[in-house]
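> got a structure for you, letters missing:
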């Protein structure tokens with residue numbers, strides 16, 4: 001979305017340079033003045049928007065590089081940087097608490113069910129609390 005907006009602004013700026021000189025007259029003079037004001041406003045917006053776009057792109061690139069470094073570190077030394085899948089239970093911890101494999105599997109299936117809520121929903125009439 002940001003790149004599309006920048007593209008539209010750049011296209012608009014290019015088109016401003018291609019405007020033919022207007023014929024003489026009061027309507028044309030007003031149109032030229034309006035075009036100049038619009039161009040000045042656009043230049044201010046572009047001067048403000050340009051650094052913001054650059055900062056956003058730089059932050060996105062930094063995030064991608066950090067993610068790649070974390071994934072690579074997790075591959076090289078999984079004991080240092082554990083990579084876990086969200087929602088997957090650790091069977092070693094649960095078995096140390098006395099659960100067997102069948103109970104762990106049943107709990108995992110219950111947690112993945114779309115109708116499961118880890119909180120209790122109390123209803124009074126038609127109102128949920």
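Arrived safely, thanks for sending. For clarity, every value in this text was computed on a predicted model and none was experimentally measured.
> What is the helix ranked longest in the chain packed up against?
The longest helix of the chain (DSSP state H) is helix 26-76. Counting contacts by 3 or more C-beta pairs under 8 Å, 6 or more residues apart in numbering; DSSP states H and E, helix 26-76 packs against helix 2-17. From N, CA and C alone the C-beta is placed, and that goes for glycine too.
> Near residue 101, how many other residues are there?
The burial count assigned to residue 101 is 10, neighbours taken as other C-beta atoms under 10 Å.
> Check the contact between it and residue 92; I expect there is one.
No - assessed by C-beta atoms under 8 Å, residue 101 is found out of contact with residue 92, at 11.5 Å.
> how near is residue 74 to residue 32?
Applying C-beta to C-beta, to the nearest Å, the value for residue 74 to residue 32 is 61 Å.
> For stretch 69-84, what does the pLDDT average out to?
Averaged across stretch 69-84, the pLDDT comes to 78.
> oh sorry, the question was meant for stretch 96-114
The pLDDT scores in stretch 96-114 average 88.
> For it, what is the distance to the chain centroid?
34 Å (C-alpha atoms, centre = their mean, to the nearest Å).
> Return the set of buried residues in that stretch.
Within stretch 96-114, the residues scored as buried using 16 or more other C-beta atoms under 10 Å are 99, 104.
> Tell me which residues are up against that stretch.
Stretch 96-114 is contacted from outside by 87-89, 91, 94-95, 116, 118, using C-beta atoms under 8 Å, 6 or more residues apart in numbering.
> mind checking how far the longest helix of the chain is from the chain centre?
Distance, centroid of helix 26-76 to centroid of chain: 15 Å (C-alpha atoms, centre = their mean).
> which element follows it toward the C-terminus?
Sequence-wise, the next helix or strand downstream of helix 26-76 (DSSP states H and E) is helix 91-96.
> Give the next helix or strand downstream of that next one.
helix 101-112.
> Could you measure from the residue nearest to the spatial centre of the chain over to residue 53?
By C-alpha atoms, centre = their mean, the chain has its centre lying nearest to residue 60, at 9.4 Å. From residue 60 across to residue 53, the span is 11 Å (C-beta to C-beta).
> what do you get for residue 94?
48 Å.
> what about residue 118, which SS state?
Here residue 118 is coil, with the state taken from DSSP: H, G, I helix; E, B strand; the rest coil.
> No further queries at this time; thank you.
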